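Trainee: Need a 3D model of the following:
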Amino acid sequence: MELDERTAFVNSYTKILTSAWSSEEFSLRLETDPVSVLADNGLAVQEGARVDIIRDRDGEPDLRTQTQLWEIGRQSGRYVLYVPALPQLDVRDLADEELDGLAGGTGGSYCCNPCCCQS
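Mentor: Okay, here's the model as predicted:
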């Protein structure tokens with residue numbers, strides 16, 4: 001895959017992942033009609049191709065492997081797309097300051113403009 005093709009693939013794949021993670025409707029459509037959903041998001045597959053959406057896999061997500069699998073799909077007509085469940089944040093390695101910035105933290109980061117809280 002050429003650099004510009006790889007960049008386009010990564011951008012589209014990222015868009016699909018974030019949409020699947022943020023919208024149950026999108027995720028369901030991806031499962032039931034992957035060819036159309038992929039095409040609508042910049043990842044058109046050849047006519048008559050099969051697309052397998054894989055939710056669970058061993059090991060860490062690997063963009064290089066996903067790119068290679070997509071390239072194999074272009075040659076074989078069977079595409080494999082990893083769309084893992086919503087990524088889990090491992091907070092064991094975060095410092096207290098970083099934890100404060102997460103939702104529910106009290107580290108002085110506020111979700112609204114301070115002027116709206118003052119009368």
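Trainee: number of nearby residues for the closest residue to Val10 other than its chain neighbours?
Mentor: Among residues not flanking Val10 along the chain, Leu63 sits closest, at 6.7 Å (C-beta to C-beta, 6 or more residues apart in numbering). In this view, the C-beta of every residue, glycine as well, is placed from N, C-alpha and C. Neighbour count of Leu63, defined by other C-beta atoms under 10 Å: 13.
Trainee: next one: Trp70
Mentor: If you count neighbours by other C-beta under 10 Å, Trp70 ends up with 20.
Trainee: can you check Thr7 too?
Mentor: Neighbours around Thr7, by other C-beta under 10 Å: 11.
Trainee: How about Pro84?
Mentor: 15.
Trainee: Same check on Val45?
Mentor: Val45: 19 neighbours (other C-beta under 10 Å).
Trainee: Excluding covalently adjacent residues, which one is nearest to Asn11?
Mentor: Counting by C-beta to C-beta, 6+ apart, Asn11 lies nearest to Gly42, which is 7.2 Å off, once chain neighbours are set aside.
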